[in-house]
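Student: Predicted structure and sequence below. I'll ask about it afterward.
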Amino acid sequence: MSEFSIIEKYFSVLGKQRADVIKGVGDDAALVNTSNIQSLAISVDTLIEGVHFPSVTSAYDIGWKSLAVNLSDMAAMGAEPRWATLALTLPKVDETWLSEFSRGFADLAGLFNVQLIGGDTTRGALSISVQIIGSTLETGALKRDKADVGDGIYVTGFLGDAALGLKSLNEVLPLSDTEKQELLVKLNRPQPKVTESLKLASYINAAIDVSDGLVSDLSHILQASQVAAIVNVNSIPVSRAYRWCNNFTQSYDLALCGGDDYELCFTVAKENEREIMVEAEKLSLQCTRIGEITEGTTLTIMDGKNEYSVQQKAYDHF
């Protein structure tokens, strides 16, 4: 099966077919209409087998996650995703794998009105690079450098479940089969908070998605905004399964550093904190206040009156 027949069969029509696409897959470049867009938001992520997903991960889940991590970047920017490109490197042609991969990608793309408009296929070790292109709100994109002293720090959802799911593949944990599968779904099929971000953006000062772990990602906000923060470790939202697996050590390290959550972390001015919680409730979005922005340059994590010592390091490619 040739490169072009792979593209034609599995990727020529993928995702929501948008009216603003003049020319999508099948030419030397895609053409899109940006006449009604104020600013473009552009991001790219690469997933490598054995690094970003275990080798046992299903093709459907790889397709889903390869787009989800990019959609999460759009959510962090308060941007509406529109178009995607895909560079896919395959060790061999496996039509069953391709069918499931493209189905996972397409299912998520359809949920967020995203159309695949181009890309590339090559032979080599399994690697997936997705570029996402979106548009920002009229009020502008959310950024990391707008946190102010006194802002509340919030996160969505539960933290640590994806990392715990990964851990469950290699260790025996006190989990039922149902609980383990629920954690693996968190790892393999993250739910990007795009819709929620667009609804809440007007109340948010600074934002980032939690991909490499809360400690690492919140630190990016602090560095960009030139501020400090105090986080209460006992306020970190964790699931029942997480508590059960860690109840003897009371360890929050996976929730703080595990990564792969693809939840949002953002700061909110005091005068907007009540309103954003009201809006979050309307969206059925779990939203938890975990700390506050302060003067200085460091991130301090407290456990009651004592400072919590993080033993695990956040993920770093190098």
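Tutor: Yes, it's here. All figures in this text were calculated on a predicted structure; none of them were measured in a lab.
Student: any idea of the mean pLDDT in the top helix by length along the chain?
Tutor: Ordering each helix of the chain by length in residues (DSSP state H) puts helix 59-77 first. The average pLDDT within helix 59-77 is 96.
Student: Off-centre distance for that helix?
Tutor: Mean-position distance between helix 59-77 and its chain equals 6 Å (CA atoms, centre = their mean, to the nearest Å).
Student: With just CA atoms, put whichever helix or strand comes after it into PDB.
Tutor: Later in the chain than helix 59-77, the nearest helix or strand by DSSP states H and E is strand 79-90. The C-alpha trace of strand 79-90 is given here as PDB (Å, rounded to 0.1, in the frame of the first residue of the first chain):
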ATOM      1  CA  ALA A  79      -8.900  29.400  21.700                       C
ATOM      2  CA  GLU A  80     -11.400  27.700  19.400                       C
ATOM      3  CA  PRO A  81      -9.800  24.800  17.500                       C
ATOM      4  CA  ARG A  82     -10.500  24.800  13.800                       C
ATOM      5  CA  TRP A  83      -8.000  22.800  11.700                       C
ATOM      6  CA  ALA A  84      -5.300  20.100  12.200                       C
ATOM      7  CA  THR A  85      -2.400  18.600  10.300                       C
ATOM      8  CA  LEU A  86      -1.000  15.200  10.900                       C
ATOM      9  CA  ALA A  87       2.600  13.800  10.300                       C
ATOM     10  CA  LEU A  88       2.500  10.100  10.800                       C
ATOM     11  CA  THR A  89       5.500   7.800  10.800                       C
ATOM     12  CA  LEU A  90       4.800   4.100  10.700                       C
END
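Student: low-scoring pLDDT stretches of this protein, where are they?
Tutor: Low-confidence segments of the chain (pLDDT under 70): 1-16, 22-28, 138-139, 247-250, 313-318.
Student: quick check: domain ranges of it?
Tutor: Taking automatic domain parsing as the reference, the chain has its domains at 3-136, 152-307.
Student: looking at these, which is closest to Lys146?
Tutor: With CB to CB as the criterion, Lys146 lies closest to domain 152-307 of those, at 4.4 Å. For glycine as for every other residue, the C-beta is placed from the backbone atoms N, C-alpha and C.
Student: how about the helices in the stretch 51-200 of the chain?
Tutor: Applying DSSP state H, counting those that start in this stretch to the stretch 51-200 of the chain gives helices spanning 59-77, 95-111, 161-168, 177-188, 194-200.
Student: Out of the ones you listed, which gets nearest to Val210?
Tutor: helix 59-77 (8.6 Å).
Student: The closest one vs helix 177-188, what angle?
Tutor: Angle of helix 59-77 versus helix 177-188, following axes from the mean of the first three to the mean of the last three CA atoms, to 10 degrees, is 60 degrees.
Student: For helix 59-77, C-alpha coordinates in PDB please.
Tutor: Extracted in PDB, the C-alpha atoms of helix 59-77 (Å, rounded to 0.1, in the frame of the first residue of the first chain):
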ATOM      1  CA  ALA A  59      -4.600   2.300  17.900                       C
ATOM      2  CA  TYR A  60      -7.900   4.000  18.700                       C
ATOM      3  CA  ASP A  61      -6.600   5.500  21.900                       C
ATOM      4  CA  ILE A  62      -3.400   6.700  20.200                       C
ATOM      5  CA  GLY A  63      -5.500   8.400  17.500                       C
ATOM      6  CA  TRP A  64      -7.600  10.100  20.200                       C
ATOM      7  CA  LYS A  65      -4.800  11.200  22.400                       C
ATOM      8  CA  SER A  66      -2.600  12.500  19.600                       C
ATOM      9  CA  LEU A  67      -5.300  15.100  18.900                       C
ATOM     10  CA  ALA A  68      -6.400  15.500  22.500                       C
ATOM     11  CA  VAL A  69      -3.100  16.800  23.700                       C
ATOM     12  CA  ASN A  70      -3.200  19.600  21.100                       C
ATOM     13  CA  LEU A  71      -6.800  20.400  21.800                       C
ATOM     14  CA  SER A  72      -5.800  20.900  25.500                       C
ATOM     15  CA  ASP A  73      -3.300  23.500  24.300                       C
ATOM     16  CA  MET A  74      -6.100  25.400  22.600                       C
ATOM     17  CA  ALA A  75      -8.100  25.200  25.900                       C
ATOM     18  CA  ALA A  76      -5.200  26.600  27.800                       C
ATOM     19  CA  MET A  77      -5.100  29.600  25.400                       C
END
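Student: which parts of that helix are buried?
Tutor: Going by neighbour count (16 or more other CB atoms under 10 Å), the buried part of helix 59-77 is 59-77.
Student: list the helices and strands the longest helix of the chain packs on?
Tutor: Using 3 or more CB pairs under 8 Å, 6 or more residues apart in numbering; DSSP states H and E, the elements in contact with helix 59-77 are strand 40-48, strand 79-90, helix 95-111, strand 127-136, helix 177-188, helix 194-200, strand 206-210.
Student: hmm, 6 Å instead?
Tutor: strand 40-48, helix 95-111, strand 127-136, helix 194-200, strand 206-210 (3 or more CB pairs under 6 Å, 6 or more residues apart in numbering; DSSP states H and E).
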